[in-house]
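Enquirer: Curious how this folds, go ahead:
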Amino acid sequence: MPDMQTARSPMIRLHDLQVEFRVPGKRVQAVNGVNLEVGPGEVVALIGESGSGKSVTLRALMRLHPERTTHYAGTLEVAGRDVLKMGKRELAQLRGSSVAMIFQEPLLALDPVYTLGQQITEAIRQHAPVSRAEARARALRLFEKVRIPSPERRLDAYPHEMSGGMRQRAMIALALACEPQVLLADEPTTALDATVQIQILLLLRELQRELGLSIVFVTHDIGAAAEIADRMAVMYAGRIIEQGPAAELLTRPRHPYTRALLKSRSEGAMQKGRRLDTIQGAPPDLSRLPAGCAFAERCAFAAETCLGGQPEETRVGPGHSVRCWRLDELPAQGGPVQRAEPVNG
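Expert: Reported below is the predicted structural model:
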């Protein structure tokens, strides 16, 4: 795993990122002060419940939200470039060539009236001065790389003629068409069965290592994140409330929300007669966020302190930070931990 303290510049740098959706009579603070760095060749998983801000953060990296109703603030850099200051032409150049996305449902993301070969060929020719024949040859090599059977015949297939797993492989090939440095994956295994899910995760990990890609992987499935991620960042109500090395978060989680997510996995409650642990209540309304910790109303350890304001980010180990008012008072989980200290202290 890349050392984030080295002199190498991060491929993604977010500092106090804010994403607000503005519609008549309402403002929704979907992302509220996110700090995150992703190093060269690193895989970071954003995890959390639906509505926590994961996909909004991911799409903000390519500025895919509607410009008229979206307000951005803070720092958003990809491959050393300030995305928030880009014009339309610069954004078009960034998308695909520097950063690309694998969407959750390829049947909706792919154009149904063009063959897969036509779509990948067009993407290649948008960013590289090559002939149609050369672009098709590249598309064929990509299909072979993502292990689509009978790749030459599949190039002439339409999206609806492929299975869900094959469509997702084609979506990965399309994302890699212009050799991006950063790959964004928005829950790419959600609509697939368990066997195909693991195949896609293994394929992504193999491609990442072979091509040296930086990947941001969005999922609500901690098991999937564990298979692919070097680091994990847990989001809740538009904020990252805990982040650190994947092995550390899985074995020694510190934030009550992270602990609750891990306990609610079905893998940990398959004993006969045992109820599946759940997180009571629901995430807060992002248009009316509380002044204090957003998780306080659902937290078993909440106290009066938690309602007064936002907790600062504190370091609890190498590369491991948490936002929680009661961090030093919570019972340890998974063995001894280092005492918390301010990140900027």
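Enquirer: who touches stretch 171-181?
Expert: By Cβ atoms under 8 Å, 6 or more residues apart in numbering, the list of residues contacting stretch 171-181 from outside reads 11, 40, 79, 96-103, 106, 109-110, 116, 119-120, 123-124, 126-128, 138-139, 142-143, 145-146, 148, 183, 188, 200, 203-204, 207, 211, 213-214. Quick note: C-beta positions are derived from backbone N, CA and C, even for glycine.
Enquirer: swap in stretch 274-286?
Expert: Contacts of stretch 274-286 (Cβ under 8 Å, 6+ apart): 28-30, 49, 51-53, 236-238, 257, 260-261, 263-264, 266, 268-269, 290, 294, 297-298.
Enquirer: do stretch 14-32 as well
Expert: Residues outside stretch 14-32 that contact it (Cβ under 8 Å, 6+ apart): 33-37, 53, 56-57, 60, 65, 69-77, 237-239, 286-287, 289.
Enquirer: Ends of that stretch, what's the gap?
Expert: End-to-end distance for stretch 14-32, by Cα to Cα, to the nearest Å: 12 Å.
Enquirer: same question for that stretch, mean pLDDT?
Expert: The average pLDDT within stretch 14-32 is 94.
Enquirer: Straight-line length of stretch 172-181, end to end?
Expert: Length of stretch 172-181, first residue to last, Cα to Cα: 14 Å.
Enquirer: tell me the mean pLDDT for that stretch?
Expert: Stretch 172-181 comes out at a mean pLDDT of 93.
Enquirer: For the residue nearest to Leu155 when sequence neighbours are not counted, give me its contacts.
Expert: Residue nearest to Leu155 in three dimensions, not counting chain neighbours: Gly117, with 3.3 Å by Cβ to Cβ, 6 or more residues apart in numbering. Gly117 makes contacts with Arg136, Ala139, Leu155, Asp156, as judged by Cβ under 8 Å, 6+ apart.
Enquirer: Spatially nearest residue to the last one (excluding sequence neighbours)?
Expert: Going back to what we said before, that points to Asp156. Nearest to Asp156 is Thr115, by Cβ to Cβ, 6+ apart, at 5.2 Å.
Enquirer: In which helix or strand does the residue most central in space within the chain reside?
Expert: Geometric centre of the chain, nearest residue: Val218, 2.9 Å, by Cα atoms, centre = their mean. Val218 is part of strand 214-219 when elements are defined by DSSP states H and E.
Enquirer: Can I get that strand in PDB, CA atoms only?
Expert: The C-alpha coordinates for strand 214-219 follow below in PDB (Å, rounded to 0.1, in the frame of the first residue of the first chain):
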ATOM      1  CA  SER A 214      -5.900   4.800  -8.000                       C
ATOM      2  CA  ILE A 215      -9.500   3.600  -7.200                       C
ATOM      3  CA  VAL A 216     -12.300   5.000  -5.100                       C
ATOM      4  CA  PHE A 217     -14.800   2.200  -4.500                       C
ATOM      5  CA  VAL A 218     -18.200   3.100  -3.200                       C
ATOM      6  CA  THR A 219     -20.200   0.400  -1.400                       C
END
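Enquirer: In the sheet, which strands lie alongside that strand, parallel or antiparallel?
Expert: Paired neighbours of strand 214-219 in the sheet (DSSP bridges): strand 43-47 (parallel), strand 182-186 (parallel).
Enquirer: okay if I get those as CSV plus mean neighbour count and distance to Arg274?
Expert: CSV is the format used below for the strands paired with strand 214-219 (neighbours: other Cβ atoms under 10 Å; distance: least, Cβ to Cβ, whole Å):
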stretch, mean neighbour count, distance to Arg274
strand 43-47, 26, 24
strand 182-186, 23, 33
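Enquirer: Which stretches in the protein count as helices?
Expert: Listed in chain order, the helices of the chain (DSSP state H) span 54-60, 88-97, 106-109, 116-127, 132-145, 151-154, 164-175, 194-211, 222-228, 246-251, 256-263.
Enquirer: Could you name the helices and strands sitting against the first one?
Expert: Right, the one you point to is helix 54-60. Helix 54-60 sits against strand 12-23, strand 26-38, strand 43-47, strand 182-186, strand 214-219, with contacts defined as 3 or more Cβ pairs under 8 Å, 6 or more residues apart in numbering; DSSP states H and E.
Enquirer: Including distance to Leu91, could those go into a markdown table?
Expert: Shown next, in a markdown table, are the helices and strands packed on helix 54-60 (distance: least, Cβ to Cβ, whole Å):
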| stretch | distance to Leu91 |
| --- | --- |
| strand 12-23 | 16 |
| strand 26-38 | 19 |
| strand 43-47 | 22 |
| strand 182-186 | 14 |
| strand 214-219 | 18 |
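Enquirer: among those, which is nearest Gly165?
Expert: Ranking the helices and strands packed on helix 54-60 by proximity to Gly165 (Cβ to Cβ) places strand 182-186 first, at 15.0 Å.
Enquirer: Please save the CA atoms from the closest one in CSV.
Expert: Extracted in CSV, the C-alpha atoms of strand 182-186 (Å, rounded to 0.1, in the frame of the first residue of the first chain):
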residue,chain,number,x,y,z
VAL,A,182,-8.1,7.3,-11.5
LEU,A,183,-11.0,4.9,-11.5
LEU,A,184,-14.2,5.6,-9.7
ALA,A,185,-16.5,2.6,-9.0
ASP,A,186,-20.0,3.4,-7.8
